[in-house]
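A.B. asks: output the structure for:
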Amino acid sequence: MTFKNPVIRGYYPDPSVCKANGKYYMVCSSFHYFPGVPLFESLDLINWKQIGHCLTRKSQLPLENAYSSGGIFAPTIRHNNGRFYMTTTNVTGGGNFYVYTDDIYGEWSEPIYVEQGGIDPSLYFEDGKAYFMSNGNDAIIQCEIDIETGKKLSEEKILWHGTGGRYLESPHLYKINGYYYLMAAEGGTEYGHMVTYARSESIWGHYEPYAKNPVLTNRNLGGYLIQGIGHADLIEDNNGNRWIFHLGFRQIGKWLPFHHLGREVFLMPVDFRDDGWFTVGDSITTEEVTTDRIPESVSQRFKNTLTFKNIEPCEWRFLRVFEAENYIFGENSLKIKSARDSLDDAGNPAFIGLNQKEFNTELSVNVKVLDGEAGVTLYMDENHHYDLILSNNQVRLILNIGDIKHEKASLPVGCDVLGAPLRIVADALNYEFFCDNVSLGKAQTRYLSSEVAGGFTGVVIGLFSQKGTRGEYNEFSDFICKYDSP
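C.D. replies: Residues are numbered from 1 along each chain as shown. Below you'll find the model as predicted:
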């Protein structure tokens, strides 16, 4: 069968995978969004359903005043002796920690912190021992820990310095056919990103690098839509085949080096040679993958229409702090209490969002304002967002690009009208904004890209309510978001 990359679309970076009870589980980074670390489940490796988050409580996820792209960095998920472990870094406060659960559909434990620096932590289990690794000072470092307490049982030791690429990160360790394989990412999570690895007969090294590193990268492919390939994790399927999940991004055009959907999840098959070294196809990631490892009876499915009725609660995300009383869901409606903080603040705006998953997107919602202002935003961070705002009997299109805040257009909606239908139509290059089928203008997608805004996230489609003075709720109804997916 043939499947399309990315297999999880939109801003879900830094994938890590494990297998348990015949199913596959994946976690991704979440940064300054709450809840933290989205959790997915799959039966076939190409169709993934989000089933929750690993960090759902403030005690697990302190994000107050976290800067954009702060908070939770790359996680790793592992399964050992019937228990799931997720380890990650809160760069805003706390450092490296892990949580665990015996019920993948239930709550996870309180954080257990490990006094080892760096980011992108990973766990490896063998013979009743637990090993903890991270990156640090352009090296991969490791120690043995007590998995019950997080206490170090050995000194940190440098395992590998990589192949010389900058920003050595994303260490993952595997034992396959007598060798320990240490896989990492180098080159930075941009256009020079790449996957490299080394192997050793001892868990503590010496690690010998693969002679043809990088084993996977798209860094030399000009005029190619998929770029930024790196930060990978290996998985063995139920038939003994091995695969590599990794992040990458789609440019807005083959010759336009901007990406605003964020870093996404890609999948490629892995082959082991007779000498024990592994390869990944032609060492590049492609948009289409034809394989006999997945039965033809399996079809790849994408959820192309989202409404208040079919969006799973775990698909929504909030900025930094979730205050449940600010959001009241109806059958086909949502009420959001106006907050003091606005989208321009690194605070706690009344905001609920979904990742934009495709270039070609159309969304619409009816908005009724009773207090302050409300609307729809295309949100990259507090300094880069496009807002379609309803207030004071008018609709305004406001473009926020760095220090520039520009009201591009406004449209009166009538003195006796409190509500209005808002709509946004997008392609790879532009967003166009409408109120009641009247266009207020366009704005280029590139100014919400990572190349302009910086950071590690992607555009989130948000509904927001702000600048209220009476503590009332503004109302949203008939939300629909349609994607043009493959």
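
A.B. asks: where along the stretch 351-486 of the chain do the strands fall?
C.D. replies: Remark: strands assigned in the stretch 351-486 of the chain by DSSP state E, counting those that start in this stretch are 361-368, 373-381, 384-391, 394-401, 404-412, 419-426, 430-435, 438-444, 460-466, 473-483.

A.B. asks: for V289, find the nearest of those strands.
C.D. replies: strand 473-483 (20.7 Å; C-beta to C-beta). The C-beta positions use only the backbone N, C-alpha and C, and glycine is treated the same way.

A.B. asks: show me what counts as buried in the closest one.
C.D. replies: Across strand 473-483, burial judged by 16 or more other C-beta atoms under 10 Å covers Y473, N474, E475, F476, S477, F479, I480, C481, K482, Y483.

A.B. asks: possible to save these as TSV with pLDDT and distance to F125?
C.D. replies: Listed next are the buried residues of strand 473-483 as TSV, based on pLDDT from 0 to 100; distance: C-beta to C-beta, whole Å:
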residue	pLDDT	distance to F125
Y473	95	48
N474	96	49
E475	96	50
F476	97	46
S477	96	49
F479	97	44
I480	98	45
C481	98	41
K482	98	44
Y483	97	39
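
A.B. asks: which pair of those residues spans the longest distance?
C.D. replies: Using C-beta to C-beta, the two most remote members of these are Y473 and Y483, lying 28.6 Å apart.

A.B. asks: okay, the buried residues of strand 473-483 in CSV with distance to L422 next?
C.D. replies: Below are the buried residues of strand 473-483 laid out as CSV (distance: C-beta to C-beta, whole Å):
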residue, distance to L422
Y473, 17
N474, 12
E475, 13
F476, 9
S477, 11
F479, 10
I480, 12
C481, 12
K482, 15
Y483, 18
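
A.B. asks: among the residues you listed, which one sits closest to M268?
C.D. replies: Among those, and counting by C-beta to C-beta, the member closest to M268 is Y483, at 23.5 Å.

A.B. asks: give the contact list for that closest one.
C.D. replies: F302, N304, T305, L306, K357, E358, N360, T361 (C-beta atoms under 8 Å, 6 or more residues apart in numbering).

A.B. asks: please list only the buried members of those residues.
C.D. replies: By neighbour count, with 16+ other C-beta under 10 Å, the contacts of Y483 hold L306, K357, E358, T361 as buried.

A.B. asks: in what helix or strand does the first one lie?
C.D. replies: Taking DSSP states H and E as the criterion, L306 maps to strand 305-307.

A.B. asks: just H79 next, same as before
C.D. replies: Under the criterion of DSSP H and E, H79 resides in strand 76-80.

A.B. asks: what lines up beside that strand in the sheet?
C.D. replies: Its sheet considered, strand 76-80 pairs with strand 83-90 (antiparallel) by DSSP bridges.

A.B. asks: packing partners for the helix or strand following the strand it pairs with?
C.D. replies: Remark: after strand 83-90, the chain's next helix or strand is strand 95-101, criterion DSSP H and E. Helices and strands touching strand 95-101, by 3 or more C-beta pairs under 8 Å, 6 or more residues apart in numbering; DSSP states H and E, are strand 49-55, strand 83-90, strand 112-113.

A.B. asks: where does pLDDT dip in this structure?
C.D. replies: Residue ranges of the chain with pLDDT under 70: 415-418.

A.B. asks: can you list the domains in it?
C.D. replies: What automatic domain parsing lists as the domains of the chain is 2-290, 305-483.

A.B. asks: as a check, name the ranges of all helices in the chain.
C.D. replies: Assigned by DSSP state H, the helices in the chain fall at 450-453.

A.B. asks: so how far is M1 from N304?
C.D. replies: 20 Å (C-beta to C-beta, to the nearest Å).

A.B. asks: what do you get for S391?
C.D. replies: From S391 to M1 the distance is 50 Å (C-beta to C-beta).

A.B. asks: report the contact partners of the nearest residue to S69 once chain neighbours are set aside.
C.D. replies: Once flanking residues are discounted, S69 sits nearest to G455: 3.7 Å by C-beta to C-beta, 6 or more residues apart in numbering. With contact set as C-beta under 8 Å, 6+ apart, G455 has these partners: F31, S68, S69, M380, D381.

A.B. asks: and the first one, how many neighbours?
C.D. replies: If you count neighbours by other C-beta atoms under 10 Å, F31 ends up with 23.

A.B. asks: what's the answer for the second one, then?
C.D. replies: The criterion is other C-beta under 10 Å. On that basis, S68 has 22 neighbouring residues.

A.B. asks: ok so, going back, please report phi then psi for the residue nearest to S69.
C.D. replies: phi 80, psi -180 (degrees, to the nearest 10).

A.B. asks: once you drop chain neighbours, what's closest to T286?
C.D. replies: Looking at T286 with C-beta to C-beta, 6+ apart, the closest residue is N5, at 6.8 Å.

A.B. asks: give me the neighbour count for the nearest residue to G94 once chain neighbours are set aside.
C.D. replies: Leaving out its chain neighbours, the residue that sits closest to G94 by C-beta to C-beta, 6+ apart is Y113, at 6.4 Å. The burial count assigned to Y113 is 13, neighbours taken as other C-beta under 10 Å.

A.B. asks: before we move on, what about N332?
C.D. replies: 13.

A.B. asks: swap in D427?
C.D. replies: Per other C-beta under 10 Å, the neighbour tally for D427 reads 15.

A.B. asks: contacts only, for it.
C.D. replies: F359, N360.

A.B. asks: same deal with R57?
C.D. replies: E107.

A.B. asks: against I311, how distant is it?
C.D. replies: 22 Å.

A.B. asks: could you do E362 as well?
C.D. replies: E362 is 16 Å from I311, by C-beta to C-beta.

A.B. asks: kindly report the same for P214.
C.D. replies: Remark: distance between P214 and I311 (C-beta to C-beta) = 38 Å.

A.B. asks: the more surrounded of the two?
C.D. replies: Neighbour tally, P214 and I311, criterion other C-beta under 10 Å: the higher count belongs to P214, 22 against 15.

A.B. asks: look up which residues are beta-bridged to the residue lying closest to that one once chain neighbours are set aside.
C.D. replies: In space, P214 comes closest to M194 once its chain neighbours are excluded; the distance is 3.6 Å by C-beta to C-beta, 6+ apart. For M194, the beta-bridge partners under DSSP bridges are E186.

A.B. asks: give the contact list for M194.
C.D. replies: Per C-beta under 8 Å, 6+ apart, neighbours of M194: G165, A185, E186, G187, N213, P214, L216, T217, R219, I229, G230.

A.B. asks: as JSON lines, the contacts of Y483 with distance to K151 would be great.
C.D. replies: Formatted as JSON lines, the contacts of Y483 follow (distance: C-beta to C-beta, whole Å):
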{"residue": "F302", "distance to K151": "45"}
{"residue": "N304", "distance to K151": "48"}
{"residue": "T305", "distance to K151": "50"}
{"residue": "L306", "distance to K151": "45"}
{"residue": "K357", "distance to K151": "42"}
{"residue": "E358", "distance to K151": "46"}
{"residue": "N360", "distance to K151": "51"}
{"residue": "T361", "distance to K151": "48"}
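
A.B. asks: which pair in the residues you listed spans the largest distance?
C.D. replies: Taking every pair in these and measuring C-beta to C-beta, the maximum separation is 14.3 Å, between L306 and N360.
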